[in-house]
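>>> okay, sequence plus prediction incoming.
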Amino acid sequence: MSTKHLWEQYAARGRWQAGAVYNDLPPLERDRLTRRHIVFFGQVQGVGFRYRCKLHCDALGITGWCKNRTDGTVEGEFQSDPLRLGLLLTALQSQQWVHIRRMETQTIPLCPGEAAFRVLRY
């Protein structure tokens with residue numbers, strides 16, 4: 001099932017707004033894990049971006065971190081399979097007050113043993 005199709009199902013049911021519940025996801029594909037370093041540009045600070053990011057990451061089983069940067073961007077590292085990462089990015093771009101103009105994305109080495117998603121300070 002495509003990321004777009006799954007996202008349309010969640011959005012139609014309003015699940016992504018009600019605490020980010022993803023009940024019927026396929027199992028995590030551990031053999032396809034990837035880690036991405038992403039910098040988000042646009043209106044991403046002061047709009048609940050990191051809070052929503054954590055809600056979605058927790059619900060999707062994505063590990064990593066995110067933090068505000070002093071230049072007004074948000075940066076983070078996200079580790080999961082491609083389907084879940086795609087759902088996360090779609091969810092973040094669909095938030096009411098968030099306006100992501102662009103993202104700089106880089107694939108980086110995995111962090112074995114990482115167990116949760118954290119919101120960091122500057």
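Cool, got the structure.

>>> residue ranges in the protein under the pLDDT threshold?
Scanning the chain for pLDDT under 70 picks out 1-21, 122.

>>> helix, strand or coil: sort out the residue nearest the centre of the chain for me.
Centroid-nearest residue in the chain, with CA atoms, centre = their mean: L88, separated by 3.6 Å. Put simply, L88 is helix when judged by DSSP: H, G, I helix; E, B strand; the rest coil.

>>> got a list of what it touches?
Contact analysis of L88 by CB atoms under 8 Å, 6 or more residues apart in numbering lists 53, 56-57, 60, 62, 78, 80. Quick note: C-beta positions are derived from backbone N, CA and C, even for glycine.

>>> what do you get if the cut-off is 6 Å, keeping everything else the same?
56, 60, 62 (CB atoms under 6 Å, 6 or more residues apart in numbering).

>>> can you pick the most crowded of the residues you listed?
When neighbours are counted by other CB atoms under 10 Å, H56 leads the contacts of L88 with 23 neighbours.

>>> tell me the phi and psi of it?
Main-chain torsions, H56, degrees, to the nearest 10: phi -70, psi -40.
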